[in-house]
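Trainee: Structure, please.
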Amino acid sequence: MSGKAMTVILLLCAFGVWQHFHHRPADTFANWTPVQPHYRGKVVVYGRDTCGYTQQTLAFLRANSVPTAYRNLDEPGVSDEFAARFDHTNLTGSRDRYRLPVVEIAGHASERPDPSELLDDYRISQRIATSPNTVTNNN
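Mentor: Residues are numbered from 1 along each chain as shown. This next block holds a predicted model:
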C-alpha cells in the first residue's frame with residue numbers, strides 16, 4: 001500500500017475517533033425522551049442487578065461522584081413505577097423489552113446511553129438548573 005493511501009486511511013480513522021469522543025453541546029439530550037423529573041438533583045438509573053450495562057453505568061457514575069438513585073426493576077413496585085413513567089414515551093422498548101439501563105437526567109430519559117457521555121450531560125443539567133435565567137414551575 002502506498003504512503004499516500006496509508007495517510008488517508010490514518011486520517012479517516014483519526015477523524016472517526018475525534019467525532020466519537022468530541023463533546024457537542026448542541027447534541028446534548030438530542031436523543032433523549034422528555035419525562036417529568038422524578039428525583040431532583042440525581043441521575044436515576046433503572047436497571048437490574050444482573051445487567052452488566054446497568055452495573056457498568058452505576059460504577060462509572062459513582063466513580064465520578066455523580067449522585068444516583070438506582071431503581072432495581074426486580075424489586076416489588078419498581079417495575080410498575082417504571083411502566084407508569086415510560087410506557088407512553090417514545091423510548092423504543094415495550095414494557096419488558098427496554099434496553100437497560102434506562103437513565104434519567106433532569107427529566108430526560110434514554111435507553112442504554114454511553115456512560116462516558118453521562119458525566120457531561122449531568123454537568124450541563126446542573127449548570128442549567130443553577131442558571132439565574134432558569135424558569136421554574138412551582139406548581
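
Trainee: Averaged pLDDT, whichever strand or helix holds Asp120. What do you get?
Mentor: According to DSSP states H and E, Asp120 maps onto helix 115-130. Mean pLDDT, helix 115-130: 86.

Trainee: Tell me where the model's unsure across the chain.
Mentor: Within the chain, the segments meeting pLDDT under 70 span 1, 5-6, 8-39, 92-96, 133-139.

Trainee: all strands in it, in order from the N-terminus.
Mentor: 33-34, 43-47, 68-72, 102-105, 108-111 (DSSP state E).

Trainee: a markdown table for the ones you listed, including mean neighbour count and distance to Lys4?
Mentor: All C-beta atoms are positioned from the backbone trio N, CA, C, and that covers glycine. Listed next are the strands of the chain as a markdown table, based on neighbours: other C-beta atoms under 10 Å; distance: least, C-beta to C-beta, whole Å:
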| stretch | mean neighbour count | distance to Lys4 |
| --- | --- | --- |
| strand 33-34 | 14 | 46 |
| strand 43-47 | 23 | 47 |
| strand 68-72 | 18 | 49 |
| strand 102-105 | 25 | 44 |
| strand 108-111 | 20 | 41 |
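
Trainee: out of those strands, nearest to Phe82?
Mentor: strand 43-47 (5.4 Å; C-beta to C-beta).

Trainee: the inter-axis angle of the closest one versus helix 115-130?
Mentor: Between strand 43-47 and helix 115-130, the angle comes out at 140 degrees (axes from the mean of the first three to the mean of the last three C-alpha atoms, to 10 degrees).

Trainee: Next, the angle strand 68-72 makes with strand 43-47.
Mentor: 20 degrees.

Trainee: what lines up beside strand 43-47 in the sheet?
Mentor: Sheet neighbours of strand 43-47, with direction, are listed as strand 68-72 (parallel), strand 102-105 (antiparallel) (DSSP bridges).

Trainee: any chance of the strands of the chain in TSV, plus distance to Leu61?
Mentor: TSV is the format used below for the strands of the chain (distance: least, C-beta to C-beta, whole Å):
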stretch	distance to Leu61
strand 33-34	19
strand 43-47	6
strand 68-72	5
strand 102-105	9
strand 108-111	14
